[in-house]
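> Predicted model and sequence follow; I will ask about them next.
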Amino acid sequence: MKEQGLTCREAIDFLIDYVEGEMSEEQAGAFTSHLEKCPPCRDYLETYREAIRMGKEACCEEEEIPLDPHLTEAILAAIRKS
């Protein structure tokens with residue numbers, strides 16, 4: 001789909017810059033205009049944002065698992081030998 005000079009492929013190429021707010025006003029305007037007229041690109045943008053959110057959530061909610069003291073000692077001993 002071609003909208004005001006911006007194709008879907010071009011919109012996807014600009015996606016990360018748009019999400020991170022690193023576009024010029026002119027580029028952001030063309031991108032926003034394209035999104036207003038292109039439901040598949042809007043859906044893609046929402047999927048992209050959701051993937052970022054899920055990735056951050058997965059990394060931030062890492063549960064600390066205590067190491068067995070014997071394992072800790074074995075790792076330290078191996079480090080000392082090297």
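Thanks, I have it. Residues are numbered from 1 along each chain as shown.

> In space, what's closest to the residue most central in space within the chain - neighbours in sequence excluded?
When CA atoms, centre = their mean is applied to the chain, the residue found nearest the centroid is I52 (3.6 Å). Distances taken as CB to CB, 6 or more residues apart in numbering place V19 nearest to I52, at 7.1 Å, with adjacent residues excluded. Where you see a C-beta, it was placed from the backbone N, CA and C, and this is true even at glycine.

> quick one, phi/psi of the one you found?
phi -60, psi -40 (degrees, to the nearest 10).

> likewise T7?
The phi/psi pair for T7 (degrees, to the nearest 10) is phi -90, psi 170.

> residues near it, how many?
T7 has 14 neighbours, counted by other CB atoms under 10 Å.

> same thing with P66?
Around P66 there are 6 residues (other CB under 10 Å).

> Please work out which residues outside the one helix or strand the residue nearest to the centre of the chain maps to touch it.
Taking DSSP states H and E as the definition, I52 sits inside helix 39-60. Contact with helix 39-60 is made by 1, 8, 11-12, 15, 18-19, 34-35, as judged by CB atoms under 8 Å, 6 or more residues apart in numbering.
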